[in-house]
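Engineer: pasting the sequence and the predicted coordinates here, then a few questions.
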Amino acid sequence: MHKILDTYNYLHTIPELGFEEFKTSAYLADALEEIGYEVTRNVGNTTGVVGIIKGEEAGPTVLLRADMDALPFTVDGKLIKVHACGHDTHCAMLLEAAETLKNKVKKGTLKILFQPGEETAKGATAMVNAGVFEGVDYALGLHVRPIQEIHSGGMTPALRHGATAWVKFDIKGINSHGARPHLGVNAIETAVLIANAIMAIKEDPSKQWSCKVTGINSNNPFNVITDTATINVDCRAQSNRIINSLIEKLKNIGKGIGLAQGATVDIYTPVAVVPAAEFDEDLVAMVGECIKEVLGEENYVPEIITPGGEDFHFIAVQCPTVKCCYMGVGTGCTPGMHNIEMHMDLDKLQNGTDVLVKATLKLIG
């Protein structure tokens, strides 16, 4: 346990933002090399780190992944960086698991991935594009959880994150005087019609989803009919089918109302659509048994459905042959994730390491 805390205590003092994890990745790469892993640094021309060991017998390839980046906050007008999502703890748990597993892999291959840029929603895709998941059969990850979700000391084998999409409408009308509206195309009126149509969207009510306008922006004097406006829309869904359906409906709404109003409407997603979790259910069941064996039935928590996003889930979508599972580790995070004051029960981090080790050995031990 002291090694986990040593790693955590150091990484917590050097928080770095996505794709800028220079000190973090160097520390982790050095540690993996010292343990005896074959290490690749700067994976995909990023700060990503991969460590590999191979068993003596043929077998599957298992990848264990932890994210490295911290979050930015503005305090008294100054940018500060804080590990307020627990990525430092993920690295600490995984590094300890890597050391424990070093001489226990009998068959197949073990890959350790320290991934950059999770908070940017670009890190997992960068690793996929770099070929990290080629030949990988199983991918396991984990995330510490807030006290509101899992009791401290508990674990769940499946964090069912939802899909997240941000859709932006850029509306271009025709400027005119307020006394002569017939000579213009009011971009704000077009925006309001689009917003009303968005509120009328329907999807399967038995599934969790939401689609809401989070911003309509335009600045003009009272007596000038504006020719520009923007609409921001936040979409959430517990399935990739529904998130894709929502995006398609938004596109049709923008095109149709723009055509009817005589306005030009450009519709796009300013950041990548983060997919919903897609897990291999047999792997989830196996990890669940590992939790029970390691922590006891009383600390086994059934799957958790959460509307939050996680870029680990790009793996299953972009590499459909990889069987994925993403665990939740109850560490009593308080007051909550992405809170600058977040703290947790550090003595519960060993649970994540122990379950990672147990599950890995069932696959390649």
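Structural biologist: Done, it's in.
Engineer: residue ranges for the strands of the stretch 151-300 of the chain, please.
Structural biologist: With DSSP state E, counting those that start in this stretch as the criterion, the stretch 151-300 of the chain has strands at 155-156, 159-161, 163-172, 176-177, 209-217, 224-225, 228-237, 264-268.
Engineer: burial measure for the residue nearest to residue 343 when sequence neighbours are not counted, as a count.
Structural biologist: Leaving aside its sequence neighbours, residue 343 sits nearest to residue 334 (Cβ to Cβ, 6 or more residues apart in numbering; 6.2 Å). Yep, even glycine has a C-beta here, placed from its N, CA and C like the rest. Residue 334 has 15 neighbouring residues, counting by other Cβ atoms under 10 Å.
Engineer: give the rounded mean pLDDT of the helix ranked longest in the chain.
Structural biologist: The longest helix of the chain (DSSP state H) is helix 240-261. For helix 240-261, mean pLDDT rounds to 98.
Engineer: just to revisit the earlier point, right, and the residue nearest to residue 343 touches residue 344 too?
Structural biologist: Yes: here residue 334 reaches residue 344: they are 7.0 Å apart, a contact under Cβ atoms under 8 Å.
Engineer: any idea of the angle the longest helix of the chain forms with strand 228-237?
Structural biologist: 160 degrees (axes from the mean of the first three to the mean of the last three Cα atoms, to 10 degrees).
Engineer: let me know the helix or strand that residue 324 is in.
Structural biologist: Using DSSP states H and E, residue 324 falls within strand 323-333.
Engineer: chain center to the next helix or strand after that strand: distance?
Structural biologist: Next along the chain after strand 323-333, taking DSSP H and E as the criterion, comes helix 349-364. Relative to its parent chain, helix 349-364 has a centroid offset of 22 Å by Cα atoms, centre = their mean, to the nearest Å.
Engineer: CA atoms of helix 349-364 as PDB?
Structural biologist: Once non-C-alpha atoms are left out, helix 349-364 reads as follows in PDB (Å, rounded to 0.1, in the frame of the first residue of the first chain):
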ATOM      1  CA  LEU A 349      -7.000   2.500  -3.400                       C
ATOM      2  CA  GLN A 350      -5.500  -1.000  -2.700                       C
ATOM      3  CA  ASN A 351      -8.900  -2.400  -3.600                       C
ATOM      4  CA  GLY A 352      -8.700  -1.300  -7.200                       C
ATOM      5  CA  THR A 353      -5.200  -2.700  -7.500                       C
ATOM      6  CA  ASP A 354      -6.200  -6.100  -6.000                       C
ATOM      7  CA  VAL A 355      -9.200  -6.500  -8.300                       C
ATOM      8  CA  LEU A 356      -7.200  -5.500 -11.400                       C
ATOM      9  CA  VAL A 357      -4.600  -8.100 -10.500                       C
ATOM     10  CA  LYS A 358      -7.200 -10.800  -9.800                       C
ATOM     11  CA  ALA A 359      -9.000 -10.300 -13.000                       C
ATOM     12  CA  THR A 360      -5.800 -10.100 -15.100                       C
ATOM     13  CA  LEU A 361      -4.500 -13.400 -13.700                       C
ATOM     14  CA  LYS A 362      -7.800 -15.100 -14.500                       C
ATOM     15  CA  LEU A 363      -7.300 -14.100 -18.100                       C
ATOM     16  CA  ILE A 364      -3.500 -14.700 -18.500                       C
END
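Engineer: mind listing what's buried along that helix?
Structural biologist: Judged by neighbour count (16 or more other Cβ atoms under 10 Å), helix 349-364 contains these buried residues: 349-361, 363-364.
Engineer: now swap in stretch 102-114 and tell me
Structural biologist: Across stretch 102-114, burial judged by 16+ other Cβ under 10 Å covers 105, 108, 109, 110, 111, 112, 113, 114.
Engineer: and the fifth one, that one's in a helix?
Structural biologist: I take that to be residue 111. No: counting by DSSP: H, G, I helix; E, B strand; the rest coil, one finds residue 111 to be strand, located in no helix.
Engineer: if I pick it, what's in contact with it?
Structural biologist: Applying Cβ atoms under 8 Å, 6 or more residues apart in numbering to residue 111 gives the contacts 50, 51, 52, 61, 62, 63, 64, 132, 136.
Engineer: re earlier: ok, now which ones touch the residue nearest to residue 343?
Structural biologist: So residue 334 contacts 146, 147, 342, 343, 344 (Cβ under 8 Å, 6+ apart).
Engineer: make CSV out of those residues and add distance to residue 182, neighbour count and pLDDT.
Structural biologist: Below are those laid out as CSV (distance: Cβ to Cβ, whole Å; neighbours: other Cβ atoms under 10 Å; pLDDT from 0 to 100):
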residue, distance to residue 182, neighbour count, pLDDT
146, 55, 21, 95
147, 59, 16, 95
342, 56, 19, 97
343, 61, 12, 97
344, 62, 20, 98
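Engineer: what's the closest of these to residue 219?
Structural biologist: Ranked by distance to residue 219 (Cβ to Cβ), these are led by residue 342 at 36.6 Å.
Engineer: how about stretch 205-225: buried residues?
Structural biologist: 208, 209, 211, 213, 216, 218, 225.
Engineer: not counting residues beside it along the chain, what's closest to the second one?
Structural biologist: Read it as residue 209. In space, residue 209 is closest to residue 237, 4.1 Å off (Cβ to Cβ, 6+ apart).
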